[in-house]
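**Q** output the structure for:
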Amino acid sequence: MKRFFNLVMAVAATMILASSCNNETVDEPVDDNTFYLTATQFTGLHKGLGKSGMYMVMLSDAEELHNYVFTLYNKLGEVDENGFVTIPSGTYTSSEYQGDFTVYSVAMYTDYSGGTEDPKRATFTESTVVVSDNKLVLTAVIEDVTHVVTYEGELSMLADIPDSDVDLVADHAYAY
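**A** This next block holds a predicted model:
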């Protein structure tokens, strides 16, 4: 639908410019080289790292033809009474380092649209993830194509919370 709209706008713009008195040349419209996907499936895994944590996320469409796997780093989000943590809201950007509000550089896209025998796999060259209440938008450049993936729904997963500290009085100790 977007290509049709762009084509209609390009034709209209060409007609308006052709009818004007200006003799300037007009460039042809350029395809924006963007792939849009509304993800319907969210899978998450949380790993605690001291006061920070890793939120490993997989987004995919209903048929699981397009899968995006990436890891967000940030402080521990809100944990509910059932032990589930919600990804903290904010903008996460790609980084080689693990810091708050970063997307770890190893992120993978798998495309099964050509069949399950030979899926296409590629890594993100750059990425941004915007998390808000019940919405996540991933924008990633994969093999020179910008992918915009939107997921609307609950963004929680089982929290990996360390056990509470335990006071221990040792009766015996051995040393070498």
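**Q** what number of residues lie near residue 109?
**A** 22 (other CB atoms under 10 Å). Heads up, the C-betas are built off the backbone N, CA and C, glycines and all.
**Q** let me know whether it touches residue 147 as I believe.
**A** Yes. The criterion here is CB atoms under 8 Å, and residue 109 meets it with residue 147 at 7.0 Å.
**Q** next, the buried residues of the stretch of helix or strand residue 140 belongs to.
**A** According to DSSP states H and E, residue 140 maps onto strand 135-142. For strand 135-142, the buried set under the neighbour-count rule, 16 or more other CB atoms under 10 Å, comprises 136-140, 142.
**Q** and these, which is closest to residue 167?
**A** residue 136 (40.6 Å; CB to CB).
**Q** for the closest residue to that closest one other than its chain neighbours, name its beta-bridge partners.
**A** Counting by CB to CB, 6 or more residues apart in numbering, residue 136 lies nearest to residue 151, which is 4.7 Å off, once chain neighbours are set aside. For residue 151, the beta-bridge partners are residue 39, residue 136 (DSSP bridges).
**Q** same question, residue 68
**A** Residues in beta-bridge contact with residue 68 (DSSP bridges): residue 59, residue 109.
**Q** now do the contacts for it.
**A** Residues in contact with residue 68 (CB atoms under 8 Å, 6 or more residues apart in numbering) are 39, 57-60, 107-109, 138, 140, 147, 149.
**Q** gap between stretch 79-98 and the chain center?
**A** 12 Å (CA atoms, centre = their mean, to the nearest Å).
**Q** could I have that stretch exported to CSV, CA atoms only?
**A** Taking C-alpha atoms only, stretch 79-98 is exported to CSV below (Å, rounded to 0.1, in the frame of the first residue of the first chain):
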residue,chain,number,x,y,z
VAL,A,79,8.9,-7.3,39.3
ASP,A,80,5.3,-8.4,40.0
GLU,A,81,4.0,-10.6,42.7
ASN,A,82,4.3,-13.7,40.4
GLY,A,83,8.0,-13.1,39.8
PHE,A,84,7.7,-11.6,36.3
VAL,A,85,9.8,-8.6,35.3
THR,A,86,8.8,-5.9,32.7
ILE,A,87,11.4,-4.5,30.4
PRO,A,88,12.2,-0.9,31.6
SER,A,89,10.8,1.8,29.2
GLY,A,90,13.3,3.9,27.3
THR,A,91,15.4,4.0,24.1
TYR,A,92,18.1,1.3,23.7
THR,A,93,20.8,1.8,21.2
SER,A,94,23.3,-0.7,19.7
SER,A,95,26.7,-1.0,21.5
GLU,A,96,29.6,-3.3,21.7
TYR,A,97,29.5,-2.9,25.5
GLN,A,98,27.0,-4.0,28.1
